[in-house]
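Enquirer: Compute the structure for the input listed below.
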Amino acid sequence: MIDARATRRRARIAVGLCAAVIIALTALRHFPASIAQKSSDLGAFDGHGAVEQLQRFIGDGRSRAVATAGHAAALERLRDRLAELGCEVTDQKFFARGWNRTAVEMVNVLARVRGKSANPQPPLVMLSAHYDCVPAGPGAGDNGAGVACALEIIRALSAEPPANDVLVLFPDGEETGLCGARAFALESPTWAQVGAVVNLDARGSDGPVYIFETGAQGAAHAAFLSALNVPARTTSLAAEAYRRMPNGTDFSVYMRGGRAGFNLAFIGSPRNYHTAHDTIDALDARTMNQMGTSALALVRALAEGQPPMPSRLEFAQWTATRGLEEVQPAVWFDVFGFFIVHWPAWLSDVLIIASVVLLLWALRDARRASVASLIGTIVAALGTLIGLIGAVLAGTLASLALARSGIDFPWPASSIWWGDGALLMIGAAAMILPSRLIARRRLKRRASDWVGRDAWFGGWLMLAMLAAFVAFVAPGAVHPLLVPLVIAAVVTVIASARGWMSADWCAVATALAALIVWAPLEPTFADAFGLSLGGFTALRGACIAIALQPLCDPAP
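Expert: You can find the predicted model right below:
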């Protein structure tokens, strides 16, 4: 009895210490690195130079909304800077609906940076960053930062040309309905030369840069990102979420045209988005440096013909058929920004099935050893389902109550440290409560170690069913469930082979796997959704509680 309690106590301490390290690492890696001193390598991205480009482009800080004096002045500043950089510049004029719902003239600006090839042939890579903004403010983040990064990338590419030409498009009218991107794709003959696109945009003023959307060939894009390992953060979960949202960027137009490519944006401090507070002073230069460094690496690699840039034969076939690429889902995510893990979506199905087989195999051995029961596992699985549903309902009601209360907490403290943390705890409590009630009733007839193992098997088998559902409807979003599920299945088999001597450490391993996958996502979810999706936040807390549950029960 004393040894069991001591083991449980050591396991809890280990989880607590590791969780503190993971949270600290998440906070540390959430913010981009400082800008290094100016490098002697003229072909590298210069963060300080990008800040200067931004200051010149923003000018007097007037709004660049279409059909305004500020917009016209910004267009001239953009043309002047491109001329200084020695680019071949062409304008595409078109009419589209402006802010006053009437047709106004807009202008796309296309620059061409020559590569080393004497006879460049399509497909070409295109860098895109819209230069207009909303009437409310100067649009330093959205999308002055993207324009400044594009200008600095042009300078770097001119100093050290890639193998092939690079097109740089500054679309107009993005804020009024992606007008410039649509006009370019529908009317410009240059669009037929484009094989891949890197798009720059923003929905905030700071934080890490995310590659939150890719072209249809998910597996090829994920492998490319893993090999290149750019500073920007990325996860296929973001791509799945954004695909289901009603809004879009210029990259949405490019994707509908079947192009490969990557969509980059930063979303920290969203309170500044589309307001008068979207100024140079509010913009984090480190974020802009991370965006430019990542975009330059992507453009250079694509301009060298690396996949997912289509080959000339593939591009010719696509041009002849004009068919869209078939969507090939994949799973990928970075681990605290150090490296990227990826696999094809079909492997998720294999891993889920294998995990269920391992768990059922271990359950069979546990039943033979008379340390678990099938009925108890089924009851525990139903309790887990009730807990998951209760977590979603409780989180949704809590977020609605907070929204209607009118309480205004300073962002981001409310979402990251207060609101998000509270919703996670609500979800965990909603998960643990029914399990505790069921366990209390069953403890009257069974030993506590039986009840604990039944809860373990029931919880993870139910989570496997949830993972299978997510893998079916949103393949790229399954990894936060799949990674701890696989770990749980493996350590359960090991514990079964050892006579359950290491049962507590099974919970430690699984809990750490869940925290490693989930913790880096929390600040991102908070910036992206705030408290609007309280049910989803509470569901995450419930899933973590499933892994931690054995350590919350009293030792046998």
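Enquirer: Nearest residue to residue 34 in space, please, no chain neighbours.
Expert: In this structure, residue 34 finds its nearest non-sequential neighbour in residue 286, 6.0 Å apart by Cβ to Cβ, 6 or more residues apart in numbering. Bear in mind the C-beta positions are built from the backbone N, C-alpha and C, glycine included.
Enquirer: Would you mind measuring from that neighbour to residue 489?
Expert: 40 Å (Cβ to Cβ, to the nearest Å).
Enquirer: and those two? which has more neighbours close in?
Expert: Legend: neighbour count by other Cβ atoms under 10 Å for residue 286 and residue 489, higher for residue 489 (25 against 18).
Enquirer: Quick check: pLDDT value at the more buried one.
Expert: Residue 489 is assigned a predicted lDDT (pLDDT) of 95.
Enquirer: before we move on, what about residue 502?
Expert: With respect to pLDDT, residue 502 scores 64.
Enquirer: Quick check: residue 535 vs residue 471, distance?
Expert: Distance of residue 535 to residue 471, given as Cβ to Cβ: 20 Å.
Enquirer: Same drill for those two, tell me which one is more crowded.
Expert: Under the criterion of other Cβ under 10 Å, the comparison of residue 535 against residue 471 puts residue 471 first, with 23 against 20.
Enquirer: Ignoring the adjacent residues along the chain, who's closest to that one?
Expert: Nearest to residue 471 is residue 478, by Cβ to Cβ, 6+ apart, at 4.4 Å.
Enquirer: mind checking pLDDT for that neighbour?
Expert: Here the pLDDT value assigned to residue 478 is 96.
Enquirer: tell me the contacts of the residue nearest to residue 34?
Expert: 31, 32, 33, 34, 35, 47, 206 (Cβ atoms under 8 Å, 6 or more residues apart in numbering).
Enquirer: Tell me where the stretch 401-550 of the chain has helices.
Expert: Taking DSSP state H, counting those that start in this stretch as the test, the helices found in the stretch 401-550 of the chain are 420-442, 448-473, 479-497, 503-518, 521-529, 534-552.
Enquirer: for those helices, which one sits closest to residue 318?
Expert: Between residue 318 and the helices of the stretch 401-550 of the chain, the tightest spacing by Cβ to Cβ is seen for helix 448-473, at 28.7 Å.
Enquirer: could you give me the average pLDDT of that closest one?
Expert: Mean pLDDT, helix 448-473: 86.
Enquirer: Give me the residue at the spatial middle of the chain.
Expert: Closest to where the C-alpha atoms of the chain average out (Cα atoms, centre = their mean) is residue 238, at 3.7 Å.
Enquirer: Touching, it and residue 214? I think so.
Expert: No - contact between residue 238 and residue 214 fails when scored by Cβ atoms under 8 Å: they sit 10.0 Å apart.
Enquirer: dump the residue contacts of residue 115.
Expert: Contact partners of residue 115, counting by Cβ under 8 Å, 6+ apart, are 161, 162, 163, 164, 165, 166, 303.
Enquirer: what's the farthest-apart pair in those?
Expert: Maximum distance among those (Cβ to Cβ): 10.1 Å, for 163 and 166.
Enquirer: Of these two, which one has the most company?
Expert: residue 166 (25 against 12).
Enquirer: Now that one. Nearest residue, chain neighbours left out?
Expert: Computed as Cβ to Cβ, 6+ apart, the closest residue to residue 166 that is not its neighbour in sequence is residue 113, at 4.5 Å.
Enquirer: pLDDT score assigned to the one you found?
Expert: Looking at residue 113, its pLDDT reads 97.
Enquirer: Kind regards, and thank you for your time.
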